[in-house]
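Visitor: what's the 3D shape of this:
(one chain, ligands or ions: 1)
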Amino acid sequence: MKDCVFCRIVGGEIPAKRVFEDDATVAFRDANPVAPAHALVIPRAHIATLDEVQDSDRELLGRLLLSARAVAAELGLSSTGYRLVINTHAGAGQSVFHVHVHVLGGRPLGWPPG
Ligand code: DGP
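Guide: Okay, here's the model as predicted:
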């Protein structure tokens, strides 16, 4: 989608520090990290929120999680621990409307989240 910042990252129009990619997903460092390790995993295809994901995207959802796990390993978080977050809609903090999985780690992560 032309005016989507994450589509433009996928297309290479906006630079990002990529940490992982495959045929279905791209992962890059978050521009406003809230933890020492903070990356985003996105589908190459534009889907605005988790609520727009279709039953036919079932495999893609699995691919996003597997990519997030690979990103966590790449960032050295596999033994220390990490958290995956999908903010869905503005009320939950979603600010970019291209579905994405936050991969967070590198510091103690409190529970419940804020
Ligand atoms: P959320 O608030 O859950 O929609 O997360 C969106 C994240 O995207 C937020 O943590 C900041 C990050 N972000 C926004 N624009 C850019 C960008 O142009 N480049 C990168 N690397 N991250 C971005």
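Visitor: tell me the contacts of Thr80?
Guide: By C-beta atoms under 8 Å, 6 or more residues apart in numbering, the contact set of Thr80 is 105-106. Placement of C-beta: from N, CA and C, glycine included.
Visitor: how about the residues of the protein by the ligand?
Guide: 5, 14, 16, 28-32, 40, 87, 93-96 (C-beta under 6 Å from any ligand atom).
Visitor: please pick the buried ones from those residues.
Guide: The neighbour-count test (16 or more other C-beta atoms under 10 Å) marks 16, 28-30, 40, 87, 94 as buried among these.
Visitor: make JSON lines from those residues and add distance to Ala72, pLDDT and secondary structure to it.
Guide: Compiled in JSON lines, these are given as follows (distance: C-beta to C-beta, whole Å; pLDDT from 0 to 100; DSSP: H, G, I helix; E, B strand; the rest coil):
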{"residue": "Ala16", "distance to Ala72": "18", "pLDDT": "98", "secondary structure": "coil"}
{"residue": "Phe28", "distance to Ala72": "14", "pLDDT": "98", "secondary structure": "strand"}
{"residue": "Arg29", "distance to Ala72": "13", "pLDDT": "98", "secondary structure": "strand"}
{"residue": "Asp30", "distance to Ala72": "14", "pLDDT": "98", "secondary structure": "coil"}
{"residue": "Leu40", "distance to Ala72": "13", "pLDDT": "99", "secondary structure": "strand"}
{"residue": "Asn87", "distance to Ala72": "18", "pLDDT": "98", "secondary structure": "coil"}
{"residue": "Gln94", "distance to Ala72": "21", "pLDDT": "98", "secondary structure": "coil"}
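Visitor: remind me, longest helix of this structure?
Guide: Taking DSSP state H as the criterion, the chain has its longest helix at helix 58-74.
Visitor: show me the contact partners of that one.
Guide: Contacts to helix 58-74, defined as C-beta under 8 Å, 6+ apart, come from residues 19-20, 22, 24-25, 27, 39, 41-43, 45, 53, 78, 82, 84, 101, 103, 105.
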